[in-house]
Structures are given as C-alpha cells and as structure tokens.
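Asker: Turn this into a structure:
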Amino acid sequence: MPGRLDRVIRPARRIRGRVQVPGDKSVSHRALILGALAAGRTRVRGLAPGDDCQATRSCLRALGVSIGTSGGGHELDVEIDGLGPGGLRAPGCVLDARNSGTTARLLMGVLAGHAFRVTLTGDPSLRGRPMRRVTDPLTVMGARIETTEGRLPVTIEGGGLRGIAYTTPVPSAQVKSAILLAGLLAAGTTTVVESTPTRDHTERALAAFGVPVTVDEGGIHLPGGSVLHAADVAVPGDLSSAAFWAAAAAALPGSEVEIPEVGLNPTRTAFLGILARIGARVAADVSDPRAVEPVGTLTVRHAAVGPVVIAPDEVPGLVDELPALAALATHGGALTVTGAQELRVKESDRITALVSGLRQLGANVEEFPDGFAVDGSRQLSGGLADAAGDHRLAMAFAIAALGARDRSVIRGAEMVSVSYPGFFDVLEGLCQ
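Answerer: Residues are numbered from 1 along each chain as shown. Below you'll find the predicted structure:
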C-alpha cells in the first residue's frame, strides 16, 4: 500500500457522464478461488483490479496455482490452471490476505479441506477483525484451527471434514461462503441456513462451475465430493462502486450518470430501492436476466433528496452501500440507520469513523451503538476528513464534499486502491 495521500475535493454544481466501474470484487474473489479448485483452465474477464483481489491471487499462487494475467485498468483478464478439488499444495510461507476480509474468510474454508498445515495473516486492520464466526463452524466440520484470540493470524490443519447443518448467527455472505467451500471437500452434505438472506454470489458461482448446489426453504445444500469444471467467467461491474456515482447523481441538482455493464444481482440491488425512496429517478435495465450474474445499465438522475429510515432487517442487503447513502443525506436529506453494528468490524469501525469524518466536513451527525443519523438540513462547510484506512469512507467523504461551501481534503485517499483504483480521476471527469 502506498503512503498516506491527501486529495482535495472542490464543490461541484452537478455530475454528468457515462462511467464504466471496475469488476465486482465479490464475483472476482469467487471466480479466482473456484477456478483454482476446478480441473482445467478457467478464464475470467473483467477481474476486479484492486488490492483485495490481488491478495487472493497472491495467496492462490503461493498454494501452487498458475494464474496468468493480461490487460490492465478495468480490462484485467486472467487464466487459471486449476489443480482440481484437494489439489492445492502446502505453501512455503505464511499466506498474507493483506486488507481483504473476503480473501481471509473464503480461503479459511478452502484450506480447511486440505490436509496440510498453513498460517494465514493480514495487515493490522484485518488482524483486528473477528474470525471465530468462520473458525467455529469449520472446527465443527473437523478442521484443527488455532487463532490469535479469535483473530488473525490463524493456523489451519485441514482434511477429514464432514458435512454439517449450520445456522449462521449473523447474516454474512463471507461466513456462508467459507462453510460451503469447506463442504466441497467434506463427507456428506453441507447445509447453511440464514435467518436473513445475504448476497448469493457463491451459490451462483458454484453452479457455474458445475456443482449441484440447491437452495430451498431449508437452506443452501451442497453435496461433498462434487467435481468442479473449468468455466469462462465474465465479471460484471461492481454495483457497490457504482453506488458512489449513483449517490452523487441523486444528490446534486441537474445530475445524471449512466453506468453500463454493471452487476444487477437481485441480492445486491436494495440500494437502488433506497435511492428511489429518497427521491432519485432510478432506471436499472437488465440485459440478460438468465445470466449467471445479471448485468445491465444503471441510470440515476437527481429529482429530490428527502428523508429515509433504514430498518435493521434492511441492513444486510445494504451494508456496503451505507457510507454512500450517508454521503447523499448530507446534501439536504436525512438518514437514520439502526441494526448496523456489523459496520464496527469492517476495515475500520465504520460507524465511528464515518460519523467523525462527516463531522469534520461540517455535517450534523449522531452516533448510535448500532448505527447513526445524518441531518442534512445545513450545507457542509468543508474541511479535512480522515478515511481511517477505509476505502469506502474515502469515497463517501468525497461525494459528501461535493456539496460543501468550500474545498475539502480527504486524508488517506490512497485507500480507494482496495476496490477502485482511479476513483478520484473519474470523479474529476464527471464534475461540472
């Protein structure tokens, strides 16, 4: 990660334009991992270019997987020579997930099924995030796992797994995915039951690689010993990255942004419904609803910015987009969020850091144990907001700052490279 960078944001009258966002991180991680576990050569087009997916690629290479890369920017393509189920090799080093919670948690599920000992770590931020929600079910399946007080570094000695039926205590696509990936190499059927459905990228990806996963009212069921077949995967644009452009267009009068080839998976589009409730004009046109990952064009226009309350049962479908919605609310709206305590164990304590940064820009924000409230009735003054090592906060503060009276500075702006390299250059091109 480069050194800390300050980025100046000047007020804007409006944003207008057409923008292609980077590949979806969630889809990219899963394509890389399942490609490594499949027999044969998997081709992935449009892989997410950020640091998180680079961490997954580096870990898989250390596990013996050959991954070739071509292109750059938003056109990153890879070819993966998979080793087949159980074919990963013991690495000669500690695996480093860097800042990527998805890398760490999904790879724990994969490594639990392999009969060798390996240690997985991450950067200081990731080492502070909870891992027992993953290691507990993997231990029940038969893996032998040592944690550092429930956090990274984690040492796993895998193999000899058995399928289980497990109800996730908190809604988490990462936890669900880790259990399902472990289930690939377990004896018997693995079932995951969710009290609140989470994004279903893993289920869709497993099916695309030939695994007969089924979903019904009783949960998600995966038979152990399934053979994965190499696949060609087209990664859609990342809707969570597009959310910041959508929020900016909804915020500023006269704004309109069009985002083509973006993922419109129904388990990810709750954010668009919130934009409409706030008052924006939103059009999401799916080009092929039968695709593994639905893709289409998203168009957002400003119409009004009104108040909205997000209830706890809505949070799991919006957790990555809440910073963008908070930024939008500073442009004359109001937002109240509760039931979002999961934000406290993201790349930062995302509640405290979000509230602090918005206050530094002049916002009227209240912090709750499980959420926050933004009163956007007064214009931001501008100021210096610290992103606190969090890529989504760096982008959220930039969108909020567009409506300030004076210029603002985003400290730690380099963190956007985690998911959206080039974000600030795109922002400059859209502003008018």
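Asker: In CSV, list the C-alpha atoms belonging to stretch 224-236.
Answerer: Taking Å, rounded to 0.1, in the frame of the first residue of the first chain, the C-alpha atoms of stretch 224-236 are listed here in CSV:
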residue,chain,number,x,y,z
GLY,A,224,-19.5,-33.2,-0.7
GLY,A,225,-17.1,-34.6,-3.3
SER,A,226,-18.6,-32.5,-6.1
VAL,A,227,-16.3,-32.1,-9.1
LEU,A,228,-15.7,-28.6,-10.3
HIS,A,229,-15.3,-28.0,-14.1
ALA,A,230,-13.3,-25.1,-15.5
ALA,A,231,-15.5,-22.2,-16.7
ASP,A,232,-15.4,-19.0,-18.6
VAL,A,233,-16.5,-16.2,-16.3
ALA,A,234,-17.4,-12.6,-17.2
VAL,A,235,-17.2,-10.4,-14.2
PRO,A,236,-19.8,-7.6,-14.2
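Asker: mean confidence for it?
Answerer: The average pLDDT within stretch 224-236 is 95.
Asker: That one: how far from the chain's middle?
Answerer: Distance of stretch 224-236 from its chain centroid, counting by C-alpha atoms, centre = their mean, to the nearest Å, is 20 Å.
Asker: One more: stretch 138-156?
Answerer: 23 Å.
Asker: what about that stretch, start to end distance?
Answerer: Start to finish, the residues bounding stretch 138-156 are 10 Å apart (C-alpha to C-alpha, to the nearest Å).
Asker: which of the residues in it are buried?
Answerer: L138, M141, G142, A143, I145, T147, R151, L152, P153, V154, T155, I156 (16 or more other C-beta atoms under 10 Å). In short, each C-beta sits where N, CA and C put it, glycine included.
Asker: Please apply the same query to stretch 205-225.
Answerer: Neighbour-count burial for stretch 205-225 [16+ other C-beta under 10 Å]: 205-209, 211, 213, 219-224.
Asker: low-scoring pLDDT stretches of this structure, where are they?
Answerer: 1-3, 73-74 (pLDDT under 70).
Asker: Report the residue ranges of every domain in it.
Answerer: 6-22+236-430, 25-234 (automatic domain parsing).
Asker: before we move on, the earlier item: go through the buried residues of stretch 205-225 and flag which are in helices.
Answerer: Residues of these located in helices (DSSP state H): A205, L206, A207, A208.
Asker: wouldn't the third one be in contact with V213 here?
Answerer: Going back to what we said before, that points to A207. Yes - counting by C-beta atoms under 8 Å, A207 sits close enough to V213 to count as a contact (5.9 Å).
Asker: Relative to E79, which of the buried residues of stretch 205-225 is nearest.
Answerer: F209 (15.2 Å; C-beta to C-beta).
Asker: What's the separation between that closest one and R45?
Answerer: 16 Å (C-beta to C-beta, to the nearest Å).
Asker: and the end-to-end length of stretch 402-420?
Answerer: Across stretch 402-420, first to last residue, C-alpha to C-alpha, it's 19 Å.
Asker: Kindly report the same for stretch 173-192.
Answerer: 11 Å.
Asker: now it, how far from the chain's geometric center?
Answerer: 20 Å.
Asker: Kindly report the same for stretch 354-366.
Answerer: The answer for stretch 354-366 is 24 Å, by C-alpha atoms, centre = their mean.
Asker: Would you mind putting the CA coordinates of that stretch into PDB?
Answerer: As requested, the backbone C-alpha atoms of stretch 354-366 are provided in PDB (Å, rounded to 0.1, in the frame of the first residue of the first chain):
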ATOM      1  CA  LEU A 354     -18.000   7.700   9.300                       C
ATOM      2  CA  VAL A 355     -19.500  10.000  11.900                       C
ATOM      3  CA  SER A 356     -16.200  11.600  12.700                       C
ATOM      4  CA  GLY A 357     -15.300  12.200   9.100                       C
ATOM      5  CA  LEU A 358     -18.700  13.700   8.200                       C
ATOM      6  CA  ARG A 359     -18.500  16.000  11.300                       C
ATOM      7  CA  GLN A 360     -15.100  17.100  10.100                       C
ATOM      8  CA  LEU A 361     -16.700  18.300   6.900                       C
ATOM      9  CA  GLY A 362     -19.400  20.200   8.900                       C
ATOM     10  CA  ALA A 363     -22.200  17.700   9.000                       C
ATOM     11  CA  ASN A 364     -24.700  17.200  11.800                       C
ATOM     12  CA  VAL A 365     -24.400  13.500  12.600                       C
ATOM     13  CA  GLU A 366     -25.400  11.500  15.600                       C
END
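Asker: List the buried residues for it?
Answerer: L354, V355, S356, G357, L358, Q360, L361, G362, A363, V365.
Asker: could you pull out the strands for the stretch 1-150 of the chain?
Answerer: 6-9, 16-18, 39-45, 66-70, 77-83, 95-96, 117-121, 144-148 (DSSP state E, counting those that start in this stretch).
Asker: buried ones in the first one?
Answerer: Within strand 6-9, the residues that qualify as buried are R7, I9, counting by 16+ other C-beta under 10 Å.
Asker: Packing partners of that strand?
Answerer: Secondary-structure packing of strand 6-9 (3 or more C-beta pairs under 8 Å, 6 or more residues apart in numbering; DSSP states H and E): helix 391-401, strand 408-411.
Asker: what about the closest residue to D313 other than its chain neighbours, distance to I351?
Answerer: Spatially, and ignoring its direct neighbours in sequence, D313 is nearest to T196 (6.7 Å; C-beta to C-beta, 6 or more residues apart in numbering). Applying C-beta to C-beta, the value for T196 to I351 is 19 Å.
Asker: hmm, back to that, adding distance to A178 and secondary structure, write the buried residues of stretch 354-366 out as TSV.
Answerer: What follows is the buried residues of stretch 354-366, written out as TSV (distance: C-beta to C-beta, whole Å; DSSP: H, G, I helix; E, B strand; the rest coil):
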residue	distance to A178	secondary structure
L354	27	helix
V355	31	helix
S356	32	helix
G357	31	helix
L358	33	helix
Q360	36	helix
L361	37	coil
G362	41	coil
A363	37	coil
V365	34	strand
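Asker: right, and the pair among these with maximum separation?
Answerer: L354 and G362 (14.5 Å).
Asker: Packed most tightly, which of the helices and strands packed on strand 6-9 would that be?
Answerer: helix 391-401 (a mean of 29; mean count of other C-beta atoms under 10 Å).
Asker: quick one: that one to chain centroid distance?
Answerer: For helix 391-401, the distance to the chain centre is 16 Å (C-alpha atoms, centre = their mean).
Asker: what's the answer for stretch 60-75, then?
Answerer: Using C-alpha atoms, centre = their mean, the offset of stretch 60-75 from its chain centre is 20 Å.
Asker: same question, stretch 240-254
Answerer: That offset, for stretch 240-254, works out to 18 Å (C-alpha atoms, centre = their mean).
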